[in-house]
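1. only geometry, no sequence info:
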C-alpha cells in the first residue's frame, strides 16, 4: 500500500524563516488538509532549525514523543522519514560533518544515523533518506576505490539503523557525483540490497536527463522511498560539474537562470509523468511512502494544496 506524505523543506527557504511553533503548526495543518498523512523532516543544526534534529526537537517540544503528539494534533499520522545530509555540521555535539568517502569518519556517520533513526522510530517513520556522495563539483570522478568506500560506509549505516526498524534510502540528486560514469548503478551494485535501498526522486532524475518511469522500472527491487515532484528544466549543459553548483545552479539557476528547477505535479512542462510513475510503482508492488515535494516554492501552502488535489483526484486512485 502506498502512503502519501509531504516534505517540510519548502516551508523553510531561509535559516530564520521557519522557527516558531505557530509556523510549524500551520505547515502541518496545510499538509494534513491537503490530503497527506505524513510529513518528511530535513536535517539541520542550531536554534534556527527546531525541526532539524532530535536534540532540537526535544528542546522545543519537550521530547521527541511530544513532537509526535504535535504532529498528530495537526491531523497527520506520522513523521514518514527524515532527509539527512551527512555533511551537516552539528553544533549540538560540535561535530563537523561525516564524509562517507572517508573511512575515518565512519564511526561518526553511524552515530548520527542512529541518532536520527531512533527518533524516527519513535515518530512512526520508516526510512532515513541520505545524500550518499559529494556534489560532482567538489570531487574528482568516483573511481572503483571511492565507490567501494561509499558502499562500506552505507552498508555499515544500514546495518546500524536496521536495529531501530529503519531502512536506509540513498537519494540521487542531479548535482551528485554519482551522476557521472554510472556512479549510482555502480554503488547500488556494490551494496547489499537488504541494507541499502534507493530513495528515488523523480524530478532529480528528470533534471539529470533520465526518465523517471524508466528509473522506477530499472530499480524497482531497490526502491524503499519515493520523492515525487515535477521538473521544470533539464541540465542539458552539465552544469552539475561546476564548482559550488549547489548555489550557482540549484539556487541561482545556472547560466540559463532557470527560475525554478522543480514544479508542482501538474504544471507544464510535464517532464515527470507522475501518473506513469505511480502506475509503475503499483505494478512493481511497492509498499511505502511517496513523499511529494515542492522545493523552493515561492508559495509553499499553495504548492501543497495544488499537489494535494492532484494526489487525491489523479494519483491516489491509481494506487
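-> Looks like it arrived, so ask away. Just so we're clear, the structure is a prediction, and the values are computed from it rather than from any experiment.
2. Just the element for the residue sitting nearest the centre point of the chain, please.
-> Taking C-alpha atoms, centre = their mean, the centroid of the chain lies closest to residue 83, which sits 4.6 Å from it. Here residue 83 sits within strand 78-84, counting by DSSP states H and E.
3. Same question for that strand: list its buried residues.
-> For strand 78-84, the neighbour count (16 or more other C-beta atoms under 10 Å) marks 78, 79, 80, 81, 82, 83, 84 as buried. Yep, even glycine has a C-beta here, placed from its N, CA and C like the rest.
4. now do stretch 170-177
-> Within stretch 170-177, the residues that count as buried by 16+ other C-beta under 10 Å are 170, 171, 172, 173, 174, 175, 176, 177.
5. for it, what is the average pLDDT?
-> What stretch 170-177 shows for mean pLDDT is 97.
6. Would you list the phi and psi of residue 197?
-> The phi/psi pair for residue 197 (degrees, to the nearest 10) reads phi -110, psi -180.
7. Please name the bridge partners of it.
-> residue 169 (DSSP bridges).
8. Show the model's pLDDT score for residue 319.
-> 89.
9. Oops, could you answer that again for residue 12 instead?
-> Looking at residue 12, the pLDDT reads 80.
10. still on that earlier bit, now, among the buried residues of strand 78-84, which is nearest to residue 66?
-> Using C-beta to C-beta, residue 79 is the member of those that lies nearest residue 66, at 12.8 Å.
11. ok now do the closest one, which residues does it touch?
-> Residues in contact with residue 79 (C-beta atoms under 8 Å, 6 or more residues apart in numbering) are 38, 39, 40, 41, 68, 71, 120, 123, 124, 125.
12. Of those, which pair is most distant in space?
-> The farthest-apart pair in these, when distances are taken by C-beta to C-beta, is 40 and 68, at 14.5 Å.
13. who has more neighbours, those two?
-> residue 40 (24 against 20; other C-beta atoms under 10 Å).
14. who's that one bridged to?
-> residue 7, residue 81.
15. residues touching it, list them.
-> 5-9, 79-83, 129, 289, 291.
16. Let's have those in a markdown table, adding pLDDT and distance to residue 62.
-> Below are the contacts of residue 40 laid out as a markdown table (pLDDT from 0 to 100; distance: C-beta to C-beta, whole Å):
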| residue | pLDDT | distance to residue 62 |
| --- | --- | --- |
| 5 | 98 | 24 |
| 6 | 98 | 24 |
| 7 | 97 | 24 |
| 8 | 95 | 20 |
| 9 | 91 | 24 |
| 79 | 98 | 16 |
| 80 | 98 | 22 |
| 81 | 98 | 23 |
| 82 | 98 | 19 |
| 83 | 98 | 24 |
| 129 | 98 | 26 |
| 289 | 98 | 26 |
| 291 | 98 | 26 |
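17. Mind putting the residues you listed into TSV with distance to residue 318?
-> As requested, these are arranged in TSV below (distance: C-beta to C-beta, whole Å):
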residue	distance to residue 318
5	17
6	18
7	21
8	25
9	25
79	25
80	19
81	22
82	27
83	25
129	23
289	16
291	17
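18. and which of those is nearest residue 189?
-> Distances from residue 189 to those, taken by C-beta to C-beta, are shortest for residue 129, at 20.3 Å.
19. Looks to me like that closest one is in a strand.
-> Yes. Counting by DSSP: H, G, I helix; E, B strand; the rest coil, residue 129 is part of a strand.
20. what pairs with it across the strands?
-> Using DSSP bridges, the beta-bridge partners of residue 129 come out as residue 83, residue 169.
21. can you give me the strands for the chain?
-> 2-7, 38-42, 78-84, 127-130, 167-171, 197-201, 223-228, 230-231, 262-263, 288-292 (DSSP state E).
22. Now do the longest one: distance to the chain's middle.
-> For strand 78-84, the gap between its own C-alpha mean and the chain's C-alpha mean amounts to 8 Å (C-alpha atoms, centre = their mean, to the nearest Å).
23. With the fourth one instead?
-> Average the C-alpha atoms of strand 127-130, do the same for its chain, and the two points are 7 Å apart (C-alpha atoms, centre = their mean).
24. contact partners of that strand?
-> Contacts of strand 127-130 (C-beta under 8 Å, 6+ apart): 40, 80-86, 113, 116-117, 120, 154, 157, 161, 166-171, 197, 199, 224-225, 227, 288-289.
25. Now stretch 204-219: average pLDDT?
-> For stretch 204-219, mean pLDDT rounds to 97.
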